[in-house]
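Engineer: just to be clear, the model below is a prediction. Sequence and coordinates:
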Protein chains: 2
Amino acid sequence: MTEKKDPLFNKIALVGIGLIGSSLARATRKNGLAKEIVACARSQGTRDTAMRLGLVDAIYETPAEAVVDADLVILCTPVSTYDDLACAMAPSLKEGAIVTDVGSVKESVIRDVGPHLPDGIHFVPGHPIAGTEHSGPEAGFAELFEGRWCILTPVPGTNSKALDRITDYWTAMGSMVEIMTAHHHDKVLAITSHLPHLIAYTIVGTATDLEETQQADVVKFSAGGFRDFTRIAASDPIMWRDVFLNNREAVLEMLQRFSEDLSVLQRAVRWGEGDVLEDRFRKTRDIRRGIVDAHQAGTFDAREPDNAQD
Amino acid sequence: MTEKKDPLFNKIALVGIGLIGSSLARATRKNGLAKEIVACARSQGTRDTAMRLGLVDAIYETPAEAVVDADLVILCTPVSTYDDLACAMAPSLKEGAIVTDVGSVKESVIRDVGPHLPDGIHFVPGHPIAGTEHSGPEAGFAELFEGRWCILTPVPGTNSKALDRITDYWTAMGSMVEIMTAHHHDKVLAITSHLPHLIAYTIVGTATDLEETQQADVVKFSAGGFRDFTRIAASDPIMWRDVFLNNREAVLEMLQRFSEDLSVLQRAVRWGEGDVLEDRFRKTRDIRRGIVDAHQAGTFDAREPDNAQD
Ligand SMILES: NC(=O)c1ccc[n+]([C@@H]2O[C@H](COP(=O)([O-])OP(=O)(O)OC[C@H]3O[C@@H](n4cnc5c(N)ncnc54)[C@H](OP(=O)(O)O)[C@@H]3O)[C@@H](O)[C@H]2O)c1
Ligand SMILES: NC(=O)c1ccc[n+]([C@@H]2O[C@H](COP(=O)([O-])OP(=O)(O)OC[C@H]3O[C@@H](n4cnc5c(N)ncnc54)[C@H](OP(=O)(O)O)[C@@H]3O)[C@@H](O)[C@H]2O)c1
């Protein structure tokens, strides 16, 4: 940044500092968005790592300590923890503070967090559509949110100034912001994120159940497509358990549709219906093109990291 | 290559020159493995592109023309074409020539090609476990096979010198070679490649069937996991139709196992069984670690191509 501007916030408190929390810390610092960044983490190891990497100005054990005087508080832990954490930090929140989050489901988050927050605190639920399969404070990077969407799901009556400030925050980190209802969010993410993860976990699990000799072959010959599923299925088990426990309806509905479609292809394979197969395989290409054109495809290189940048 | 060695082959003929054929042409040239490389392609466009890119020394319309005097012939077209192509080229094959292929299934290839080949021709079926979702001669690159496995599935009685020469050929292009039966190959690939593609095609198809407004959201928010499935589902429809038509038994068996496992997870989501979910999600991590350790993971960067090499 060349020109000197006042940062958007005086003090940002991150509750949890894993992949997403540490990426926020890095992006906040890189873009000069806060005078002070603090965090809390339950484990000593994470607190030590965060300080060693210089991610934050101070780190605490509890959310109650971290949120003191913060004008922005961001929940960055698995969504099943939100209820307790919101309850624990509520008494220490500064009047007028904004509370937001990054949780991958939104209806349950509003249900769990909202009731704990005292009057005069502004809650703006959010979800950056950006991530990797890695976890913890070392896995984060400042550019994670660049060119990615962040969805905000304010409830009716949300303070519009608070909403604007959160929008500005994500925009300053390079994201595009979209506003929708929590219900719509949970439906869209069921197909774009939750179901893909459930399926990836399933197929990798199916391979894990093969006899041991076959498993060695699965690893060896995974470059035929399987490896991409293992990357997705390497995501954090707790985070994903919580997603499925908290977006049951929408996931089950999409899963039902998926199962029906899979039956059609299964039948076509069984009866050798080449036309049906070809037809179905053809119609998926447009969506890929749309994603590439929208710059949401990421970068895959068939080569290994050592050679990928030759 | 610093020291000057005799190339492994005098003349290599590629029957088909798309992603795999053109990668073979490039890798053959780069590693000095043939004195002359020729190919055939049915369409004028592909023939023009191959010459413009300097992939081959000569290009023909028919396999019968291309294979004349070749000591190695490599079938590089969709497997449903092998029967006709083998029949068409058989009379022109040079006595003692080796015929191999790169098809993604192996039992059906042996069934389709074997009977056409005259005595004195050595058939060594093969399958490089390397590829991308792109097609055509422009999509290939010389390093595609480096560090990847190539599976050879010789039938009993295969000439051992021919097998050795094909092994040397793949090794010289940087591949590791594994020998197994066609039956075993088709079973292993059903889980490591064929089922992942069927599932990816299915889920992208499921998304394609959503109402139009939802589809725009699917593209926008695809970075949550869905985009990786669209990459796999962008592969060539004809190639994949042929794979499923020719590996029916093994694919259906793996699909059955997958469906059972998916039912277990579906039930766990429905009844909120967090322990079952977490447990299943945890056991998939070892396989990912195995693949990364075996250098078969490829490279994914969550950023877009423009920023990925910052
Ligand atoms: N990963 C993604 O791709 C992605 C993308 C978008 C949104 N999200 C959302 O972001 C949130 C965090 O995910 P992440 O990927 O950053 O996870 P992560 O790397 O595993 O980090 C999780 C953080 O939460 C803390 N934590 C875990 N359990 C806790 C508990 N019971 N009490 C207090 N703190 C606890 C951890 O502390 P310790 O290190 O001390 O255990 C760690 O700081 C989740 O809600 C997820 O849905 C994730
Ligand atoms: N793609 C992968 O990831 C991968 C990996 C390992 C093995 N394989 C196997 O490699 C083979 C080729 O795949 P690819 O990815 O290279 O495909 P590709 O890029 O689509 O190229 C296919 C080639 O086959 C020719 N061809 C198609 N239909 C034909 C027909 N009916 N008669 C004559 N020629 C025809 C095409 O000629 P025109 O251009 O003139 O139409 C083109 O030269 C397949 O058997 C596949 O199973 C693929």
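Structural biologist: That came through fine. Residues are numbered from 1 along each chain as shown, chains lettered A, B, ... in the order given. Ligands and ions are numbered 1, 2, ... in the order given.

Engineer: what are the ranges of the helices in the stretch 151-300 of chain A?
Structural biologist: With DSSP state H, counting those that start in this stretch as the criterion, the stretch 151-300 of chain A has helices at A:160-172, A:182-189, A:195-208, A:212-220, A:226-232, A:237-246, A:248-270, A:274-282, A:285-293.

Engineer: switch those over to a markdown table; also include mean neighbour count, distance to ligand 2 and mean pLDDT.
Structural biologist: Every residue, glycine included, has its C-beta placed from N, CA and C. Formatted as a markdown table, the helices of the stretch 151-300 of chain A follow (neighbours: other C-beta atoms under 10 Å in any protein chain shown; distance: least, C-beta to the nearest ligand atom, whole Å; pLDDT from 0 to 100):
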| stretch | mean neighbour count | distance to ligand 2 | mean pLDDT |
| --- | --- | --- | --- |
| helix A:160-172 | 17 | 38 | 98 |
| helix A:182-189 | 22 | 30 | 97 |
| helix A:195-208 | 25 | 18 | 96 |
| helix A:212-220 | 16 | 15 | 89 |
| helix A:226-232 | 26 | 12 | 94 |
| helix A:237-246 | 23 | 29 | 98 |
| helix A:248-270 | 18 | 16 | 97 |
| helix A:274-282 | 18 | 13 | 96 |
| helix A:285-293 | 18 | 13 | 90 |
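
Engineer: need those in TSV (columns: distance to chain B).
Structural biologist: Compiled in TSV, those are given as follows (distance: least, C-beta to the nearest C-beta, whole Å):
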stretch	distance to chain B
helix A:160-172	14
helix A:182-189	5
helix A:195-208	4
helix A:212-220	4
helix A:226-232	4
helix A:237-246	4
helix A:248-270	5
helix A:274-282	4
helix A:285-293	4
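
Engineer: closest to ligand 1 out of these?
Structural biologist: Taking C-beta to the nearest ligand atom, helix A:237-246 is the member of these nearest to ligand 1, at 4.8 Å.

Engineer: could the helices of the stretch 151-300 of chain A go into CSV alongside distance to residue B:161?
Structural biologist: Output for these, formatted as CSV (distance: least, C-beta to C-beta, whole Å):
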stretch, distance to residue B:161
helix A:160-172, 65
helix A:182-189, 58
helix A:195-208, 36
helix A:212-220, 26
helix A:226-232, 34
helix A:237-246, 51
helix A:248-270, 39
helix A:274-282, 38
helix A:285-293, 44
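
Engineer: could you find the closest non-adjacent residue to residue A:187?
Structural biologist: With C-beta to C-beta, 6 or more residues apart in numbering or on different chains as the criterion, residue A:187 has its nearest non-adjacent residue at 4.9 Å, and that residue is residue A:250.

Engineer: an error on my part: the question was meant for residue A:112.
Structural biologist: Excluding its sequence neighbours, the residue lying closest to residue A:112 (C-beta to C-beta, 6+ apart) is residue A:83, at 4.2 Å.

Engineer: residue A:283 now?
Structural biologist: Closest residue in space to residue A:283, ignoring its immediate chain neighbours: residue B:208 at 5.6 Å, by C-beta to C-beta, 6+ apart.

Engineer: surely the one you found touches residue A:285?
Structural biologist: No - with contacts defined as C-beta atoms under 8 Å, residue B:208 does not count as touching residue A:285, sitting 9.8 Å away.
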